[in-house]
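Chemist: Give me a model of this one.
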Amino acid sequence: DKLEVSSKNNIVNVNKEPVAEADIMATNGVVYAISSVLQPPAIKPQERGDELADSALEIFKQASAYSRAARTSVKLAPVYQRLLERMKH
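Modeler: This is a model prediction of the structure:
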């Protein structure tokens with residue numbers, strides 16, 4: 001993500017936070033100290049509805065298509081039954 005740098009009344013701001021100390025020389029560049037911690041933007045959750053979020057689980061979807069458990073009268077625990085149903089779609 002990008003940093004927003006602005007200046008008003010001889011005060012430099014980074015992401016709307018005032019720079020406390022500027023032009024601090026470092027071995028790999030120049031440092032600008034601010035008086036607070038910059039927070040990264042919130043990560044948006046994946047919007048996939050009922051789909052499994054991890055594409056690495058695709059093999060389980062394929063395996064459930066070939067599974068005999070779905071074609072027999074085996075009674076699964078409700079949590080496993082819901083998982084099996086989700087993988088079929």
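Chemist: Domain-wise, how is this structure divided?
Modeler: 5-34, 55-88 (automatic domain parsing).
Chemist: Show me the shaky parts of the protein.
Modeler: 1, 43-76, 80, 87, 89 (pLDDT under 70).
Chemist: neighbours around Val12, how many?
Modeler: 14 (other CB atoms under 10 Å). All C-beta atoms are positioned from the backbone trio N, CA, C, and that covers glycine.
Chemist: Hmm, I typed the wrong one, I wanted Arg86.
Modeler: 13.
Chemist: so which strand or helix has it?
Modeler: helix 78-88 (DSSP states H and E).
Chemist: which secondary structure elements does that helix contact?
Modeler: helix 58-66 (3 or more CB pairs under 8 Å, 6 or more residues apart in numbering; DSSP states H and E).
Chemist: What residues does Ser36 make contact with?
Modeler: Glu17 (CB atoms under 8 Å, 6 or more residues apart in numbering).
Chemist: what about it, distance to Ala22?
Modeler: 16 Å (CB to CB, to the nearest Å).
Chemist: cool, and Glu4?
Modeler: 16 Å.
Chemist: just Ser6 next, same as before
Modeler: From Ser6 to Ala22 the distance is 14 Å (CB to CB).
Chemist: swap in Val37?
Modeler: From Val37 to Ala22 the distance is 18 Å (CB to CB).
Chemist: More neighbours: those two, which one.
Modeler: Legend: neighbour count by other CB under 10 Å for Val37 and Ala22, higher for Ala22 (11 against 6).
Chemist: So the more buried one, which state does it fall into?
Modeler: Of the three states, Ala22 takes strand under DSSP: H, G, I helix; E, B strand; the rest coil.
Chemist: who's in contact with it?
Modeler: 12, 32-33.
Chemist: next one: Asn15
Modeler: Here Asn15 is in contact with 3-4, 38 (CB under 8 Å, 6+ apart).
Chemist: Let's see that with 10 Å instead.
Modeler: Shown in contact with Asn15 (CB atoms under 10 Å, 6 or more residues apart in numbering): 1-6, 34, 36, 38-39.
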